[in-house]
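Asker: Build me a model from this:
(2 chains)
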Amino acid sequence: DGGITQSPKYLFRKEGQNVTLSCEQNLNHDAMYWYRQDPGQGLRLIYYSQIVNDFQKGDIAEGYSVSREKKESFPLTVTSAQKNPTAFYLCASSPREGLRAFFGQGTRRTVV
Amino acid sequence: EDQVTQSPEALRLQEGESSSLNCSYTVSGLRGLFWYRQDPGKGPEFLFTLYSAGEEKEKERLKATLTKKESFLHITAPKPEDSATYLCAVQAGGNFNKFYFGSGTKLNVKP
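Answerer: Numbers count the residues shown, from 1 in each chain, chains lettered A, B, ... in the order given. Below you'll find the model as predicted:
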């Protein structure tokens, strides 16, 4: 089945550690996105990519980095500079920029 | 400042009790308004896209409408399985990758 796969589903890390969240899609979509969802708040855009080897910062890019070496993959690295202790990370893709997004199942990160 | 506000934050209904969720927006150059359903611990699931004032979309017990300032998601005779958080997102301006999300309405339907 076509879709977006995020891994891991849960992530526990100590402060000071960089972690990388995986996002893979087999929908042949050009655009991919990373969002963060905090309790009681809407989704906020971290990074997005329209094509391979190109990506743009969203509203809350500080403390994060991404790469887009392959069309189907858009990994997100949460660096030690990211202070938010707990967050739900959502990866999404769309056929081309602007159309509705298909979301993965999310990764919940907790700092221990 | 571009903004999307959803109300109420939470809504409890009895099974069969119809109601509406609201999404109001203040953005420049609306290109599309999206409704999603999100179950706890899961990613949002697409429901509808609306592009212009007066447009309506229906799916089972859900009906979405759009005016120049707000959108409503009407739920007719809801069932417990309709319990979820409903998110509204607006795409606006020249940046096609810019989606503004509301904080959602958490719906709980009691049997």
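
Asker: helix or strand for A:Tyr35, which one?
Answerer: Using DSSP states H and E, A:Tyr35 maps to strand A:31-37.

Asker: Show me what that strand is packed up against.
Answerer: Under the contact criterion of 3 or more Cβ pairs under 8 Å, 6 or more residues apart in numbering or on different chains; DSSP states H and E, strand A:31-37 touches strand A:19-25, strand A:43-51, strand A:86-94. Bear in mind the C-beta positions are built from the backbone N, C-alpha and C, glycine included.

Asker: and that strand, what's its mean pLDDT?
Answerer: For strand A:31-37, mean pLDDT is 93.

Asker: what are the pairing partners of it, and which direction each?
Answerer: Applying DSSP bridges, strand A:31-37 is found paired with strand A:43-51 (antiparallel), strand A:86-94 (antiparallel).

Asker: of all these, which lies closest to B:Arg61?
Answerer: strand A:43-51 (24.8 Å; Cβ to Cβ).

Asker: just to revisit the earlier point, got the helices and strands packed on strand A:31-37 as a markdown table, with mean pLDDT and mean neighbour count columns?
Answerer: Formatted as a markdown table, those follow (pLDDT from 0 to 100; neighbours: other Cβ atoms under 10 Å in any protein chain shown):
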| stretch | mean pLDDT | mean neighbour count |
| --- | --- | --- |
| strand A:19-25 | 94 | 19 |
| strand A:43-51 | 91 | 21 |
| strand A:86-94 | 91 | 22 |
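
Asker: which other residues reach the helix or strand of chain B with the lowest mean pLDDT?
Answerer: Every helix and strand of chain B was ranked by mean pLDDT, DSSP states H and E. The lowest is strand B:99-101, at a mean of 85. For strand B:99-101, the external contacting residues (Cβ atoms under 8 Å, 6 or more residues apart in numbering or on different chains) are A:35, A:42-45, A:101, B:2-4, B:25, B:27, B:34, B:87-92.
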